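**Q** okay, predicted coordinates and the sequence, questions at the end:
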Amino acid sequence: MKNVPQQTDGYAQLAADVLARAKQCGATEADIVVADGETFSVQVRVGVVDRLSKAREKRLGLRVFVGKRSATTSTSDFSIDSLHRLVDETCTLAKAVVPDEVSGLPEASQMATDWPDLDLYDSTRLGTDQQIDLAKRAESAALSADPRMTNSEGGDFDSSSGRVVLANSHGFVGEYRSSSFSISVSPIATDAATGGMQRDAWYEVQRKFNRMASPESIGQEAARRTLRRLGARKVSTKRVPVIFDQDTAGSLLGNLCSAISGYSLYKRASFLLDQLGNRIASEHLTIYDDGRMDGGLGSRPFDGEGLATRKNTIVERGVLKSYLLDSYSGRKLGLPSTGNASRSVGESPSVGPTNFYLVPGTKTVQEMIGSVKEGLYVTELIGFGINMVTGDYSRGACGFWIENGELAYPVEEITIAGNLKQMFTDIETVGNDLVFRSRVASPTLKLGELMVAGN
Amino acid sequence: MADSGQLAKFGMTDLEVFQALDRLNVRDVDYADLYFESRVSESVSMEEGIVKRAAKSVSQGVGVRATAGEKTGFAYSDELTRKDLEIAADTARYIANSPKGDRSLPVPTQRRPTRDLYPVERAKAEVATADRVALLNAIDAEARRYDPRITNVLASFNTEYKVVAVATSDGTLIGDVQPLSRLQVTCIAEENGNRQVGSFGGGGRVGFEFYQEENRFLSYAREAAREAILNLSAVDAPAGVMPVVLGGGWPGILLHEAIGHGLESDFNRKKTSAFSNLIGKRVASDVCTIVDDGTLPFRRGSLNMDDEGTPTGRTVLIEKGILRGYITDKLNARLMGIPLTGNGRRESYQSIVLPRMTNTFMLAGESDPGDILKSVKRGLYAVSFGGGQVDITSGKFVFSASEAYLIEDGKITKPVKGATLIGNGPEILTKVSMVGHDLKLDNGIGTCGKDGQSVPVGVGLPTIKIDEITVGGTQR
């Protein structure tokens, strides 16, 4: 195998030992995931360190197949006796469940054989005081932005780095490292007249430290977003056009992502059953899932089963071109894996997006707001009112009321409701403002009409 | 120092633990503790009529914490050696950054919780995989027998067996054994292209026999199937402000979201809660008395002691409409100078302690549930819910109905599709005009998320009438 980094501390050997032991116990196939890493996190509140935490951790997950039966286990105890006991228990557990005809590893011929360096790892190590200082600067920029900024739920700096090793009984061994750095601020503003408080937040996550925006700019943006919510009120119940900002549009895209996950589909627990090749959304929507973006928050060289990641076209001008699949859900649906197996240590693979994004359009946010006579600009959604089987959608919202093409006043304690199938079809405009702030990313979106419930 | 049964499980001696605490005993540290945890989790799950998956996970580790004023320093390790404890202690005390203290630490006294709210033997907590598989198979058959329109049954059975020991700088060494299990059933119904879902589940700090008593597991299957079939005929939910009657039990999630989180002491110490400075003030109508009670036997939210070793208790949050108290952990009780209520909880040794709810419920009132429904001309009757969420600072909260009906002229008429209800925490309970005499606790499925940490909780409610709340449906 080419380009496989040399193991420096024996995890490849450990994996080989465990796989050999599994074979002795009667496993016909097996795979193993080892993850280790270190994390640092500090929260500063109103200028003083509120909590600081630091840890190293490691975990090993094992999946065995005994014929068509399988089981999964995990442990943090890497002593050889304990691992042998784990292997024995896993094989016993597998023998107790019912055979599942489509279970098993991917075909040996499908395994990734080489992969590029995706620039996911930064070896920068920051001192404790430096990390505290970054959190302080971000929070301080928010609190000093305006006299109405009165309090804070904190400024946070988090950093982590780690490594994943995946090996299986086909002889695949893969390893990659990744890191992440993040700053977030959640300040509170008070309305002097009413005493009412509002909180909002802003954050940034990067794999490379030198790509971080300045803590001051993050704090200032958090303050701007919080201040504009002061004086929020309810509106009366009516159907109006609704604009979703980048973050809330990203959450809609996340709902689409769940609906086209192979697991939701074969369980018939999705509102997008049997839609491959059909129009499922407005022609303004083209969506990609790209596992190979340099430095991407969702990038990985191979997926949770060791298949190469790639760039998949998910929706092209409104037509559904691909589901998100791993080997198992693919076999259930009679389709090949799309390289989207996601794997938490100790669980069997599931399906997840890599960098899942909607291709931007040409309109600015101002132009989109300007096109609405009366409507809602949503900046935050709360609650879990989404039925993935039917697509019925009803969530708490806050944001701004639009009157004659301008943001008139902040609104809260309202809901928006519709059905996701219709909502994706009703997307009239896609903004030009795509930014990758998480692994699922969308520009601003404008929908024809939704029911807004308030007074 | 007596030999410690509590620590032997973790391969540590009392002396090693005392030395680690002593390392944290620097001048500015007010309090420190070590939390040892060993957890074995097992799950089996079924779909498409076969029990396909079985999983088991084992984890063990220690969390080391020091507090100094408002600051918390924290580290954890999955290796339990003297060296790892020293490294963790050095990280935790970094926030205090001060020389060795003058005070000498009390030698921890071995204690055990004074009661056992969930006496489930290890042998009973560990159930043969074959028995769990048989349970799920029977559930599948029962749900499909309920109605041929049930096309898929998803069921899972999860158990957890957790052994903890807490050693504190205030001289306590105490341990607990905390079993927990949950059985969850989801059914999908299909009819002429209309597909709907229904769910039901339950559990607690109980053994396997709990699910077999009076074939309780089969009743879960029927309930999930009934809800899915009912939703086949559901009409669109209404939108706007209207009276809402909440059924007993799980709809108590209203209390959890609307007021429970807002009464957690950390938010109130920081004055970031919409309930800050409202002690002694009216926040509910006088028919509302609400408590948080961690001492109910076998309940999912109950604990013999919290994760700081404090016995859990019953805390009156709201008495006849007046806000009486907050729920606290040691840090916030000390900083606010208010009573310690035994609500310091953490998801695992990898997380810090926060004040969290246990079982939160409203006491029974005097109204007849039938009379409550009769009093509504046009409104919603909601009996089952999915999740909820709250913005502590603005007080706005939501919770989403999964089984609800229209009330027309005092009678329950059509089932309606799920809808989110939204309100303002400090106001909503002032609009409760009737409280039924039928208090019910939920079936044991609640998990509460805060700061990325999940802990098991319970809720409870009698039938109540809220005179007005915004319902987020799609129809005028």
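**A** Everything's here; your move. Numbers count the residues shown, from 1 in each chain, chains lettered A, B, ... in the order given.

**Q** burial of residue 239, as a residue count?
**A** I went with chain A, as the question did not name one. Residue A:239 sits with 16 neighbouring residues when counted by other Cβ atoms under 10 Å in any protein chain shown. Placement of C-beta: from N, CA and C, glycine included.

**Q** that's the wrong chain, I meant chain B
**A** Using other Cβ under 10 Å, residue B:239 has 25 neighbouring residues.

**Q** for the closest residue to it other than its chain neighbours, give me the backbone phi and psi.
**A** Once flanking residues are discounted, residue B:239 sits nearest to residue A:453: 4.0 Å by Cβ to Cβ, 6 or more residues apart in numbering or on different chains. Backbone torsions of residue A:453, given as degrees, to the nearest 10, read phi -110, psi 130.

**Q** and the pLDDT at residue A:453?
**A** Residue A:453 carries a pLDDT value of 97.

**Q** contact partners for it?
**A** Counting by Cβ atoms under 8 Å, 6 or more residues apart in numbering or on different chains, residue A:453 touches A:237, A:414-417, B:239-240, B:422, B:470-473.

**Q** ok, residue 69 - contacts?
**A** As the question left the chain open, I've gone with chain A. For residue A:69, the contact set (Cβ under 8 Å, 6+ apart) comprises A:94-95, A:97-100, A:103.

**Q** to clarify, I was referring to chain B.
**A** B:28, B:30, B:335.

**Q** so the second one touches residue B:330, yeah?
**A** Right, residue B:30. No. Assessed by Cβ atoms under 8 Å, residue B:30 is found out of contact with residue B:330, at 9.2 Å.

**Q** any of the contacts of residue A:69 buried? List them.
**A** Buried members of these, counted by 16 or more other Cβ atoms under 10 Å in any protein chain shown: A:94-95, A:97-98, A:100, A:103.

**Q** could you list which of those residues also contact chain B?
**A** A:94, A:97-98, A:100, A:103 (Cβ under 8 Å from any Cβ of the partner chain).

**Q** give me the subset of those residues lying in helices.
**A** residue A:94 (DSSP state H).

**Q** could I get the ones next to chain B among the buried ones among the contacts of residue A:69 as a markdown table with pLDDT?
**A** Output for these, formatted as a markdown table (pLDDT from 0 to 100):
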| residue | pLDDT |
| --- | --- |
| A:94 | 94 |
| A:97 | 90 |
| A:98 | 90 |
| A:100 | 94 |
| A:103 | 95 |
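
**Q** residue A:333 and residue A:262 touch, don't they?
**A** Yes. Assessed by Cβ under 8 Å, residue A:333 is found in contact with residue A:262 at 6.1 Å.

**Q** ok, the closest residue to chain A within chain B - contacts?
**A** Closest contact between chain B and chain A, by Cβ to the nearest Cβ, is at residue B:472 (2.7 Å). Contact analysis of residue B:472 by Cβ under 8 Å, 6+ apart lists A:385, A:394-396, A:414-417, A:451, A:453, B:237, B:239, B:398, B:419-422.

**Q** next one: phi and psi at it?
**A** For residue B:472, the backbone dihedrals (degrees, to the nearest 10) come out as phi -90, psi 60.

**Q** helices along the stretch 101-250 of chain B, start to end?
**A** Secondary structure of the stretch 101-250 of chain B (DSSP state H, counting those that start in this stretch): helices located at B:122-125, B:129-146, B:209-212, B:216-232.

**Q** and the last one, C-alpha only, in PDB?
**A** Going back to what we said before, that points to helix B:216-232. Presented in PDB, the C-alpha positions along helix B:216-232 are these (Å, rounded to 0.1, in the frame of the first residue of the first chain):
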ATOM      1  CA  ARG B 216     -45.100  -3.900  29.900                       C
ATOM      2  CA  PHE B 217     -42.800  -4.300  26.800                       C
ATOM      3  CA  LEU B 218     -45.700  -5.400  24.700                       C
ATOM      4  CA  SER B 219     -47.700  -2.300  25.800                       C
ATOM      5  CA  TYR B 220     -44.900  -0.200  24.500                       C
ATOM      6  CA  ALA B 221     -45.200  -1.900  21.100                       C
ATOM      7  CA  ARG B 222     -48.900  -1.300  21.000                       C
ATOM      8  CA  GLU B 223     -48.600   2.400  22.100                       C
ATOM      9  CA  ALA B 224     -46.000   3.100  19.300                       C
ATOM     10  CA  ALA B 225     -48.200   1.300  16.800                       C
ATOM     11  CA  ARG B 226     -51.400   3.100  18.000                       C
ATOM     12  CA  GLU B 227     -49.700   6.600  17.600                       C
ATOM     13  CA  ALA B 228     -48.400   5.800  14.100                       C
ATOM     14  CA  ILE B 229     -51.900   4.600  13.000                       C
ATOM     15  CA  LEU B 230     -53.600   7.600  14.600                       C
ATOM     16  CA  ASN B 231     -51.300   9.900  12.700                       C
ATOM     17  CA  LEU B 232     -52.500   8.400   9.400                       C
END
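
**Q** domains for chain B, by residue range?
**A** Chain B breaks down by automatic domain parsing into domains covering B:5-111, B:122-160+B:179-232, B:239-472.

**Q** again but with chain A, I slipped
**A** Recorded structural domains for chain A (assignment: automatic domain parsing) are A:11-226, A:232-455.

**Q** output those domains as TSV; include the columns distance to residue B:410.
**A** Formatted as TSV, the domains of chain A follow (distance: least, Cβ to Cβ, whole Å):
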stretch	distance to residue B:410
domain A:11-226	37
domain A:232-455	24
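
**Q** for residue B:155, find the nearest of those domains.
**A** Among the domains of chain A, domain A:232-455 comes nearest to residue B:155, with 12.1 Å by Cβ to Cβ.

**Q** any regions of chain B where pLDDT drops low?
**A** Within chain B, the stretches with pLDDT under 70 are B:1-4, B:122-125.

**Q** let me redo that: chain A
**A** A:1-9.

**Q** again, 90 this time
**A** Where chain A drops to pLDDT under 90, the residues are A:1-13, A:56, A:77, A:79, A:96, A:114, A:192-195, A:346-347.

**Q** how about the contacts made by whichever residue of the stretch 301-450 of chain A sits closest to chain B?
**A** Nearest residue of the stretch 301-450 of chain A to chain B, counting by Cβ to the nearest Cβ: residue A:415, 2.7 Å away. Neighbouring residues of residue A:415 by Cβ under 8 Å, 6+ apart: A:385, A:394-397, A:452-454, B:239, B:398, B:419-420, B:422, B:470-472.

**Q** where's it, which helix or strand?
**A** Per DSSP states H and E: residue A:415 is located in strand A:406-419.

**Q** please identify the buried residues of that strand?
**A** Within strand A:406-419, the residues that count as buried by 16+ other Cβ under 10 Å are A:410-419.

**Q** name the nearest of the residues you listed relative to residue B:388.
**A** residue A:415 (12.9 Å).

**Q** so what pairs up with the residue nearest to that closest one when sequence neighbours are not counted in the strands?
**A** In space, and not counting its chain neighbours, residue A:415 is closest to residue B:472: 2.7 Å by Cβ to Cβ, 6+ apart. Residue B:472 has these beta-bridge partners by DSSP bridges: residue B:239, residue B:420.

**Q** ok, residue B:472 to residue A:307 distance?
**A** 41 Å (Cβ to Cβ, to the nearest Å).

**Q** kindly report the same for residue A:78.
**A** Relative to residue A:307, and taking Cβ to Cβ, residue A:78 is found at 27 Å.

**Q** residue A:142 too?
**A** Relative to residue A:307, residue A:142 is positioned 43 Å away (Cβ to Cβ).

**Q** how about residue B:128?
**A** Taking Cβ to Cβ as the measure, residue B:128 falls 36 Å from residue A:307.

**Q** who has more neighbours, the two?
**A** More crowded of residue B:128 and residue A:307, by other Cβ under 10 Å: residue A:307, with 23 against 10.

**Q** give the contact list for the more buried one.
**A** By Cβ under 8 Å, 6+ apart, the contact set of residue A:307 is A:106, A:110-112, A:327, A:337, A:339, A:341.
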